[in-house]
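Undergrad: Sequence and computational prediction follow.
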Amino acid sequence: MPKVETIEDFYKEKIGWMPESLRNDIGHFNVFKSDPYVGSSPKPAPYRRRDYYKITLSYGKSELNFADKVVKIEKQALSFSNPQIPYSSGDLSQVRSGFFCVFNQQFFHQYGNLNDYPVYQPDGTHAFELTDEQAKKAESIFLRMFEEVNSDYVYKYDVIRSLVLELIHFALKMLPSSAAQVRHQLNASERIASLFIELLERQYPIDETNQKIALRSASDFANQLNIHVNHLNRALKEITDKTTSQIIAERNLKEAKILLKHSAWTVSEIAYALGFLEVSHFNNFFKKQTGMTPLKFRNV
């Protein structure tokens, strides 16, 4: 395993100075080889939220959990973990080995937003089952990362960024062309819907009990977007076939389920974080959406 090394460490140690452009938001990258999981009952990896972006190549049968979605891997897979989407690994007893790299958004400063790629979007595809040939190709990219990390090349992190992007595009090419297609021209309704979704997702995940979402109603979002609420409602109905309130409620419910299952917060703390003034209002909302109380859902 290579030693842990940030870009800042590299510049200071190897060449004695660091370019001005890299002194702020320096970013972080590292790559590792996974050791085989041993023991009869290896513990599942815990849910993580505000961590690094991560790309993992795993060999062996496994189960991956992304928020409320479960992906079963039969042989080998390339998976992508997003800091905004909680994830965990289930049964690891059959995972033999693998590789993974971690990095943050600052590592790609001025190189684009990682969340623009479907593999890091909330409703995107986060895991890809690989053929033997595909796994060999992905592994070769990881091995090149090791080679660069351990080199003395001054611009090695530019090369490593390219390798990370190569892994991302390697996965995207496996998606149906329609799913990976980038639309170059959006109409007015699509632009409004896109901005609305960005504002909505920006409020999540909720990591602290004193954190509280600020935008809760259709009017709140319309005011933030500087448009009339009826205009927002029409645009979202046209693009998603759902009302603004329905989309907000679905996203709130998704976050509520995550917090109930994967945190030790009380129901009242969760209710407060999601913007409910009274716990009873949250209980009524949750039961209307799921048919059970929050506590019953937590204990199922």
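TA: Cool, got the structure.

Undergrad: Low-confidence ranges, the stretch 151-300 of the chain, go.
TA: 177-186 (pLDDT under 70).

Undergrad: Helices of that one, start to end?
TA: For the stretch 151-300 of the chain, applying DSSP state H, counting those that start in this stretch gives helices covering 156-172, 177-180, 188-201, 218-225, 229-240, 244-262, 267-273, 279-290, 294-299.

Undergrad: list the helices and strands the fourth one packs on?
TA: Contacting helix 218-225 under the criterion 3 or more Cβ pairs under 8 Å, 6 or more residues apart in numbering; DSSP states H and E are the following elements: helix 188-201, helix 229-240, helix 244-262. C-beta here means a position set from N, CA and C on the backbone, and glycine is covered the same way.

Undergrad: one step back: among the helices of the stretch 151-300 of the chain, which comes closest to Glu63?
TA: helix 244-262 (15.4 Å; Cβ to Cβ).

Undergrad: That closest one versus helix 188-201: what angle between them?
TA: Helix 244-262 runs at 30 degrees relative to helix 188-201, counting by axes from the mean of the first three to the mean of the last three Cα atoms, to 10 degrees.

Undergrad: So for helix 244-262, what gets flagged as buried?
TA: 244, 247-249, 251-253, 255-260, 262 (16 or more other Cβ atoms under 10 Å).

Undergrad: Can you give me the neighbour number for Ser81?
TA: Ser81: 24 surrounding residues under other Cβ atoms under 10 Å.

Undergrad: whoops, I mixed them up, Asp207
TA: By the criterion of other Cβ under 10 Å, Asp207 has 12 neighbours.

Undergrad: So that it lines up with my notes, have the first residue be 34 from now on.
TA: Sure thing, new numbering starts at 34, so read that last one as Asp240.

Undergrad: That one and Ser301: what is the separation?
TA: Taken as Cβ to Cβ, to the nearest Å, the spacing of Asp240 relative to Ser301 amounts to 17 Å.

Undergrad: out of the buried residues of helix 277-295, who's nearest Leu248?
TA: Ile281 (8.2 Å).

Undergrad: Outline the domain layout of the chain.
TA: Domain assignment for the chain, taken from automatic domain parsing, gives 40-213, 221-332.

Undergrad: List the contacts of Ala306.
TA: Counting by Cβ atoms under 8 Å, 6 or more residues apart in numbering, Ala306 makes contact with Ile239, Thr242, Gln244, Lys245, Ile246, Leu292, Trp298.

Undergrad: from these, which would you call buried?
TA: Judged by 16+ other Cβ under 10 Å, buried ones among the contacts of Ala306: Ile239, Ile246, Leu292, Trp298.

Undergrad: hang on, the last one packs against Asn243?
TA: No. Under the criterion of Cβ atoms under 8 Å, Trp298 is not in contact with Asn243, lying 11.3 Å apart.

Undergrad: ok so, going back, now tabulate the helices and strands packed on helix 251-258 in TSV and tack on distance to Asn317.
TA: Below are the helices and strands packed on helix 251-258 laid out as TSV (distance: least, Cβ to Cβ, whole Å):
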stretch	distance to Asn317
helix 221-234	22
helix 262-273	24
helix 277-295	12
